[in-house]
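In: this one's sequence-less:
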């Protein structure tokens, strides 16, 4: 009975659904999710600028910009969540010894993601991608995996860190 009442209330109120990394720990971590989110932020900013110069926007243009801004905000939040999870769940004493400046690195990413949420300057989002690239290099270093950089094969075609998984 109580379960039915809560379900009915949820249908009316639409409670925010909680989500979390498993905390088992599963040992499955990868900064690629944060990189994809940051690249999406760059792309959303590019698309916002493509809509127009802002002087004569149609209702449709305004709606499109609104959707793009909402998605940009989400991708920045996704960056923060992905990085926070890796930093909080994966990094332990051994990794801190390998990457002693990881706390500063993570803080810089958080601040840069916030800056991207506050505006639509492409250079801010490019800086976010680069900060996450450096974090990814540090992460893979702790795994003993070499990395390489290559432009991603989709817009915005920015240089991205990839793990070198070939033997």
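Out: Perfect, I can see it now. Quick caveat, the model's predicted, so the values are computed rather than measured.
In: Would you map the strands across the protein?
Out: With strands called from DSSP state E, the chain shows them at 147-151, 159-163.
In: where along this structure do the helices fall?
Out: With DSSP state H applied, the chain shows helices at 2-13, 32-51, 59-85, 93-98, 102-118, 122-142, listed in chain order.
In: Nearest to residue 155 among those helices would be which one?
Out: helix 32-51 (5.6 Å; C-beta to C-beta). Where you see a C-beta, it was placed from the backbone N, CA and C, and this is true even at glycine.
In: contact partners of that closest one?
Out: 57, 61, 64-65, 68-69, 71-72, 75-76, 78-79, 82-83, 86, 109, 113, 116, 120-122, 125-126, 128-129, 132-133, 135-136, 152, 154-156, 158, 160-161 (C-beta atoms under 8 Å, 6 or more residues apart in numbering).
In: Quick one: buried ones out of these?
Out: Buried members of the contacts of helix 32-51, counted by 16 or more other C-beta atoms under 10 Å: 64-65, 68, 71-72, 75-76, 78-79, 82-83, 86, 109, 113, 116, 120, 122, 125-126, 128-129, 132-133, 135-136, 152, 156, 158, 160-161.
In: any idea of the mean pLDDT for stretch 82-94?
Out: The average pLDDT within stretch 82-94 is 96.
In: Could you do stretch 152-166 as well?
Out: 96.
In: going forward can the numbers begin at 13, since that is how I track them
Out: Sure thing, new numbering starts at 13, so read that last one as stretch 164-178.
In: Now do the end-to-end distance for it.
Out: End-to-end span of stretch 164-178 (C-alpha to C-alpha, to the nearest Å): 18 Å.
In: any idea how far residue 127 lies from residue 54?
Out: 13 Å (C-beta to C-beta, to the nearest Å).
In: Can you pull the residues that touch both of the two?
Out: residue 140.
In: Comparing the two, which residue is more hemmed in?
Out: Set side by side, residue 127 and residue 54 show more neighbours around residue 54, with 24 against 15, by other C-beta atoms under 10 Å.
In: Tell me, what's the model's pLDDT at the more buried one?
Out: 98.
In: Equivalent analysis for residue 67, please.
Out: 78.
In: Burial check on it, number of neighbours?
Out: 5.
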